[in-house]
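> here is my input; please provide its structure:
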Amino acid sequence: MLPTPTVRSLDEKVYDPAEDSFLLLDCFEQDQGYLLEKFPPPHTIPLVVEIGAGSGIVTTFVKQNILKDGIYIATDLNPHACKAVLETAEENRVDDEKLESCQMDLTNGIKNKHVDVLIFNPPYVPADEVPAVPETDDDESWLDLALCGGPQGMDVTWKVLHGLETTLSKNGLAYILFCARNNPMDVKRDMEQLGWKVDKIIERKAGWEVLSILRFQKT
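Numbers count the residues shown, from 1 in each chain. Here you go, the predicted model:
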C-alpha cells in the first residue's frame, strides 16, 4: 500500500480529506499500471489537472507515487484551498517546480485539449442550488462550494463532463467521483452514447453513502 500524504491542520474553510478523498487515492493506486502504460516515463510528461483540489492530498499523492514526471495544475475557486495545496506539497517534500495551484472556476483557464489526466472530486451532495462564490476571502461559506452540487448533485459535474471534448488531450483520461444519488450508471450510459469509453474503476460504501469513480476517455 502506498503511503497517504500528510496534511497540515487546515483552515476551516477548506475541505478536510474524507472517505471520498481516500477513495481517489485507492483508485489511482489501483489504476497505476494503466496510467503508466498510457504515459510511459520518462518519455512522456503528462499534464495532470485536479479541479477543486481542496487540501491537495490527491494531487500530492499522484505526483509522489503514480505519475512522478508529470506537470501538475491544481485548481480551486477557494483561495484558502489554493494555499492548502501548496502547503500539502511542501509538507510532503513534493517538487513544486512542476506543481502550480491556480484559483479558477473548473478548467476555464485551461483550453485547447492539453489535459492528459483530469481529476475531479465534485460538489456531489444534492442541494437546492449551487452556492454563489463568496465575495471576500474571510467569508465563512467557502466550504459550501466543495459540497453542494444542485438538486441532483450534478450541476457542476455536468459542466465538466460537457467540457471534456475541449479539455482532454487525444489520449486524455478523466477520473470523476460520484455518489449513488448522482445515478452514475445513467451518466455512464449517456456519455457512452456521446462516444466516450467509460469504466467504473472503484466503488465503496462510505457510511450511508455509496461512492464510485468513473474513468472517461475518448473512443
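> show me the strands in this structure, by range?
Per DSSP state E, the chain carries strands over the ranges 47-51, 71-76, 99-103, 115-120, 168-179, 196-206, 209-218.
> just the pLDDT for the spatially most central residue of the chain.
What sits nearest the mean C-alpha location of the chain, by Cα atoms, centre = their mean, is F120, with 2.4 Å. F120 carries a pLDDT score of 98 in this model.
> ditto for L214
For L214, pLDDT reads 98.
> between the two ends of stretch 119-138, what distance do you get?
27 Å (Cα to Cα, to the nearest Å).
> residues making contact with that stretch?
For stretch 119-138, the external contacting residues (Cβ atoms under 8 Å, 6 or more residues apart in numbering) are 20-21, 24, 48-52, 54, 58-59, 62, 77, 79-80, 141-142, 144-157, 160, 174-179, 181-182. (Glycine included, C-beta is placed from N, CA and C.)
> chain center to that stretch: distance?
Put simply, stretch 119-138 sits 14 Å off its chain's centre (Cα atoms, centre = their mean, to the nearest Å).
> mind listing what's buried in it?
119-125, 127, 130-131, 134 (16 or more other Cβ atoms under 10 Å).
> so, low pLDDT: which residues of the chain?
Applying pLDDT under 70 to the chain flags the ranges 111.
> just the helices in this protein please.
Taking DSSP state H, the helices of the chain run over residues 19-30, 32-38, 57-65, 79-91, 155-167, 184-193.
> deepest-packed of those, please.
Comparing those by mean neighbour count (mean count of other Cβ atoms under 10 Å), helix 57-65 ranks first with a mean of 24.
> what about that one, distance to the chain center?
Worked out by Cα atoms, centre = their mean, helix 57-65 lies 11 Å from the chain centre.
> could you redo the strands of the chain as CSV and give each row distance to D190?
Formatted as CSV, the strands of the chain follow (distance: least, Cβ to Cβ, whole Å):
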stretch, distance to D190
strand 47-51, 20
strand 71-76, 25
strand 99-103, 30
strand 115-120, 17
strand 168-179, 13
strand 196-206, 9
strand 209-218, 11
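> among these, which is nearest D11?
Nearest of those to D11, taken as Cβ to Cβ: strand 71-76 at 12.3 Å.
> now do that closest one against strand 99-103, angle only.
If you take axes from the mean of the first three to the mean of the last three Cα atoms, to 10 degrees, strand 71-76 sits at 20 degrees to strand 99-103.
> against which helices or strands is strand 71-76 packed?
Counting contacts by 3 or more Cβ pairs under 8 Å, 6 or more residues apart in numbering; DSSP states H and E, strand 71-76 is packed against strand 47-51, helix 57-65, helix 79-91, strand 99-103.
> for the buried residues of stretch 119-138, which one is nearest M104?
F120 (13.5 Å).
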